[in-house]
Structures are given as structure tokens and as C-alpha cells.
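Colleague: Generate coordinates for the sequence data below:
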Amino acid sequence: MFIGRERELTKLNKMYQSETFEFAVLYGRRRVGKTTLIREFMQDKDGIFYMSIEGTKKENLQGLSKAVLSKNELQQNTAWFQDFEALLEYIDALAKTGKRMIIAIDEYPYLAAS
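Modeller: Numbers count the residues shown, from 1 in each chain. Reported below is the predicted structural model:
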């Protein structure tokens, strides 16, 4: 059950409906519901969700690649991208299709550290 956070959900939905690029950063103490808020917001929307791990660069690249590629039936045979540059170029190409897109990276500091 999801209770509260109506103000935050309203803001995220307003950003989602915007005609321009929007970028949100959710931060706060651990265990306050940030992940639950993201999942609730994305529940009825097409998007990519990746939970970064406290692992290696290769592990996070593989995990994020899998999350991104899972949205494209034509690319599901590709195991993962060779590097983050290739992954970001692919995301850029997806963005140029004009389709509304949500990409949520949870526990981003783990991804950045790797």
C-alpha cells in the first residue's frame, strides 16, 4: 500500500507531462521511501528502472545495459554494451525518437563509484 507523498507524486507527474526535458534528483536519508516513490510514479508509465549495486564497473554496466535493452525487443539478443559511452549513445538515439522516456537509476552513488 502506498500512503502519502501526494505532493511529490504530483510534481513528478507534472514533470512527466511537460513538453520539455525534465530531470529530477531524489535524495534523502536511507529508508524514507525514495525507491517506493519512484516505483509508484513509474507504475503506469513506460520506463527503465535500474537499481545500482555496490559492485564493479562491469557489473553495473551489465545491469544497466540489461535494463535498457529489455525495452527493445530487437536488441534483446545483445548481452550488454561494451562501455558506458556506447550505452549513453544508445539512450541518446532512443531519446531522438520523440517517445516520452523515463530512466530511473536508484542508488546512483554506487554506479558513480564503480
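
Colleague: domains for the chain, by residue range?
Modeller: Using automatic domain parsing, the domain parsing of the chain gives 1-41, 46-114.

Colleague: any idea of the mean pLDDT in the last one?
Modeller: Read it as domain 46-114. For domain 46-114, mean pLDDT is 90.

Colleague: Just give me how far that domain sits from the chain centre.
Modeller: The chain centroid and the centroid of domain 46-114 are separated by 8 Å, computed with Cα atoms, centre = their mean, to the nearest Å.

Colleague: do the same with the first one
Modeller: In terms of Cα atoms, centre = their mean, the gap separating the centre of domain 1-41 from the centre of its chain is 12 Å.

Colleague: Helix or strand: which one has residue 104?
Modeller: Counting by DSSP states H and E, the element that carries residue 104 is strand 102-106.

Colleague: ok, that strand: who's next to it in the sheet?
Modeller: Within its sheet, and counting by DSSP bridges, strand 102-106 is paired with strand 47-51 (parallel).

Colleague: Sort out which residues of the strand it pairs with are buried, please.
Modeller: 47, 48, 50 (16 or more other Cβ atoms under 10 Å). Quick note: C-beta positions are derived from backbone N, CA and C, even for glycine.

Colleague: Look up how far residue 22 lies from the first one.
Modeller: The spacing between residue 47 and residue 22, counted by Cβ to Cβ, to the nearest Å, is 13 Å.

Colleague: coming back round to it: out of the domains of the chain, deepest packed?
Modeller: Comparing the domains of the chain by mean neighbour count (mean count of other Cβ atoms under 10 Å), domain 46-114 ranks first with a mean of 14.

Colleague: end to end, how far does it reach?
Modeller: 27 Å (Cα to Cα, to the nearest Å).

Colleague: hmm, who's touching the one helix or strand residue 92 maps to?
Modeller: Residue 92 belongs to helix 84-95 when assigned by DSSP H and E. Applying Cβ atoms under 8 Å, 6 or more residues apart in numbering, the external contacts of helix 84-95 come out as 61, 64, 65, 68, 72, 81, 101, 103.
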